[in-house]
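Q: with the sequence up front, the predicted model follows.
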Amino acid sequence: LPPFDPADPLGLDDLLEPEDLAVRDTVRGWAAERVLPHIAEWYEKGELPVIRELARELGAIGALGMSLEGYGCAGASAVQYGLACLELEAADSGIRSLVSVQGSLAMYAIWKYGSEEQKQRWLPSMAAGETIGCFGLTEPDHGSDPAALRTYAKRDGTDWVLNGRKMWITNGSVAGVAVVWAQTDEGMRGFAVPTGTPGFSAPEIRHKWSLRASVTSELVMDDVRLPADAVLPGVTGLKGPLSCLSHARYGIVWGAMGAARASFETALEYARTREQFGRPIGGFQLTQAKLADMAVELHKGILLAHHLGRRMDAGRLRAEQVSFGKLNNVREAIEICRTARTILGANGISLEYPVMRHATNLESVLTYEGTVEMHQLVLGKALTGLDAFR
Ligand code: FAD
């Protein structure tokens, strides 16, 4: 029998092909070199000063729009994309958010619903990280219920004129293109908005205590005049943004386990070496119970993510199953991080260690891409056949 490996107690690496391991190693190596040495400082300052360099480097390793085909994208499997999300979030949820929004929201929307011209115009430079994208759905008064959003695109001759405000938009202030969802006379439509268009601005939201190494912005659209071909022709209605969100949520199912893994590994190492009452705290049964429970949830979560990835690769993944994964994995990941924090005692609250940073990041991850309650309601509806949303 192979020996017990504390880093992979269930032997889940057996599920991976050599190419999957290669993707994982590449992304892990990049994050170790480019993110981990700086992340505490970026977090403390509440900024990501090198975001454009990071985007280009992420493009160079194929991490942007990774599971999309063509237009300079890597065409990786869903499992490989998931592994990349896990490794990025093991560094910081803000870096994974940059990649999720770029690839699974902004690029995916254009790739899935854009015209050939829109794809040619935006996707290659987004895949290369030359152009950063954002995805504007949430508004100040409309979060969990995006069907009610108020941003409006009105026809004026062949042009569109866009008015409204978006809130909490990742990558907003650094984006070259914003995918904006707006009401029209024909129902909800998506628009690829060049952010240099007059009337468009994206002030950054400050004073966040979570996802501090991530750019989060308002989008202000004041009579933004767009040509007829700015609209994404392939979709009308809420299913447009929801299908993009489903793709991004899938990545979060994996990503959250990255934050959990980093916190678990930190706690395990600390428990082995920190001594109290004359012996390592990892030798106390109460600490071992915490570690055992954390390991169980961590690797169950990874197994669940892998299962969903295989279903996605087979074209069999339903949105309810993505909700299942997002609900479980983010909720368990935050618990793992909080438990890890207790094992580190006072050191647990310090930025010298990653656990508090991961725990506070996951407060955002718990809320964005559908809150815990929204995913409970999705599953509740699927289980009972009764819609409890309204
Ligand atoms: P609300 O919808 O007001 O919900 C508040 C609370 O009420 C929640 O607990 C919710 O679950 C609960 N609630 C609401 N309705 C019900 C109900 N029917 N039954 C029971 N409980 C209910 N959005 C984007 O479009 N693009 C982005 O790039 C983006 N990035 C983000 C980055 C960060 C750091 C954060 C924090 C958010 C981001 N968001 C983004 C917004 C995010 O998706 C929303 O915050 C989320 O959808 C929740 O909306 P809300 O904050 O308006 O909360």
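A: Everything's here; your move.

Q: use CA for all of it now, contacts and neighbours both
A: OK.

Q: return the residues of the chain in contact with the ligand.
A: Within reach of the ligand by Cα under 6 Å from any ligand atom, the chain has these residues: 135-138, 142-144, 168-170, 211, 364, 367-371, 373-374, 389-390.

Q: which of the residues you listed are buried? Put it as a PyMOL command.
A: Filtering the residues of the chain next to the ligand down to the buried ones (16 or more other Cα atoms under 10 Å) takes a single PyMOL command:
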select buried, resi 135+136+137+138+143+144+168+169+170+211+364+368+369+370+371+374
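
Q: then the helix or strand containing residue 85 to CSV, C-alphas only?
A: For residue 85, the element it lies in under DSSP states H and E is helix 78-91. Extracted C-alpha coordinates of helix 78-91, given in CSV (Å, rounded to 0.1, in the frame of the first residue of the first chain):
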residue,chain,number,x,y,z
ALA,A,78,-12.8,21.9,-16.5
VAL,A,79,-10.8,19.8,-14.0
GLN,A,80,-7.6,21.6,-15.0
TYR,A,81,-9.3,25.0,-14.7
GLY,A,82,-10.5,23.9,-11.3
LEU,A,83,-7.1,22.9,-10.2
ALA,A,84,-5.8,26.3,-11.3
CYS,A,85,-8.4,28.1,-9.3
LEU,A,86,-7.5,26.0,-6.2
GLU,A,87,-3.8,26.9,-6.5
LEU,A,88,-4.5,30.6,-7.1
GLU,A,89,-6.9,30.8,-4.1
ALA,A,90,-4.4,29.0,-1.9
ALA,A,91,-2.3,32.1,-2.5
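
Q: quick one: residues in contact with the helix or strand following it.
A: Sequence-wise, the next helix or strand downstream of helix 78-91 (DSSP H and E) is helix 93-99. Identification of contacts with helix 93-99 by Cα atoms under 8 Å, 6 or more residues apart in numbering yields 63-64, 85, 88-89, 170-171, 211-214, 255-256, 259, 358, 361-362, 365.

Q: please enumerate the helices of this structure.
A: Assigned helices in the chain, in chain order: 18-34, 39-45, 51-60, 78-91, 93-99, 108-113, 116-127, 239-273, 285-313, 319-343, 355-367, 372-384 (criterion: DSSP state H).

Q: quick one: stretch 169-178 to chain centroid distance?
A: With Cα atoms, centre = their mean, to the nearest Å as the basis, the distance from the averaged C-alpha position of stretch 169-178 to the chain average is 15 Å.

Q: start to end distance for that stretch?
A: The first residue of stretch 169-178 is 10 Å away from its last residue (Cα to Cα, to the nearest Å).

Q: setting the sequence-adjacent residues aside, check what's closest to residue 137.
A: residue 181 (5.6 Å; Cα to Cα, 6 or more residues apart in numbering).

Q: for the one you found, grab the count of nearby residues.
A: When neighbours are defined as other Cα atoms under 10 Å, residue 181 has 28 of them.

Q: next: residue 14.
A: By other Cα under 10 Å, 8 other residues sit near residue 14.

Q: for the one 3 residues further on, same thing?
A: Residue 17 has 10 neighbouring residues, counting by other Cα under 10 Å.

Q: got the phi/psi numbers for it?
A: Main-chain dihedrals, residue 17, degrees, to the nearest 10: phi -90, psi 160.

Q: mind checking how far it is from residue 83?
A: Counting by Cα to Cα, the gap from residue 17 to residue 83 is 12 Å.

Q: what do you get for residue 67?
A: Distance of residue 67 to residue 83, computed by Cα to Cα: 12 Å.

Q: the two - which one has more neighbours?
A: The neighbour count for residue 67 versus residue 83, taken as other Cα under 10 Å, is higher for residue 83 (29 against 22).

Q: isn't the more buried one right next to residue 256, touching?
A: No. Counting by Cα atoms under 8 Å, residue 83 stays clear of residue 256, with 11.1 Å between them.

Q: pull out the buried positions in stretch 233-247.
A: For stretch 233-247, by 16+ other Cα under 10 Å, it's 233, 235-238, 240-247.

Q: how about residues contacting it?
A: 104-105, 108-109, 112-115, 137, 146-147, 181, 186-190, 319, 322, 369.

Q: quick one: buried ones out of those residues?
A: 104-105, 108-109, 112-115, 137, 146-147, 181, 188-190, 319, 322, 369.

Q: if you drop the residues flanking it in sequence, what lies closest to residue 66?
A: Looking at residue 66 with Cα to Cα, 6+ apart, the closest residue is residue 74, at 5.0 Å.

Q: swap in residue 340?
A: The shortest distance from residue 340 to any non-neighbouring residue, by Cα to Cα, 6+ apart, is to residue 267 (5.2 Å).

Q: distance of the one you found relative to the ligand?
A: 26 Å (Cα to the nearest ligand atom, to the nearest Å).

Q: same question for residue 248.
A: The gap separating residue 248 from the ligand is 10 Å, by Cα to the nearest ligand atom.

Q: distance of the nearest residue to that residue once chain neighbours are set aside from the ligand?
A: The shortest distance from residue 248 to any non-neighbouring residue, by Cα to Cα, 6+ apart, is to residue 104 (4.9 Å). From residue 104 across to the ligand, the span is 11 Å (Cα to the nearest ligand atom).

Q: so who does the closest residue to residue 65 other than its chain neighbours touch?
A: Leaving aside its sequence neighbours, residue 65 sits nearest to residue 103 (Cα to Cα, 6+ apart; 3.8 Å). Residues near residue 103 by Cα under 8 Å, 6+ apart: 64-66, 127.

Q: confidence score at the residue in the chain sticking out farthest from the centre?
A: When distances to the mean C-alpha position of the chain are computed (Cα atoms, centre = their mean), the maximum falls on residue 278, with 42.7 Å. Per-residue confidence (pLDDT) for residue 278: 98.

Q: in the stretch 251-390 of the chain, what residue lies closest to the ligand?
A: The minimum distance from the stretch 251-390 of the chain to the ligand, using Cα to the nearest ligand atom, falls at residue 368 (3.7 Å).

Q: what's the closest non-adjacent residue to residue 232?
A: Using Cα to Cα, 6+ apart, the closest residue to residue 232 is residue 114 (4.7 Å).

Q: alright, calling it a day.
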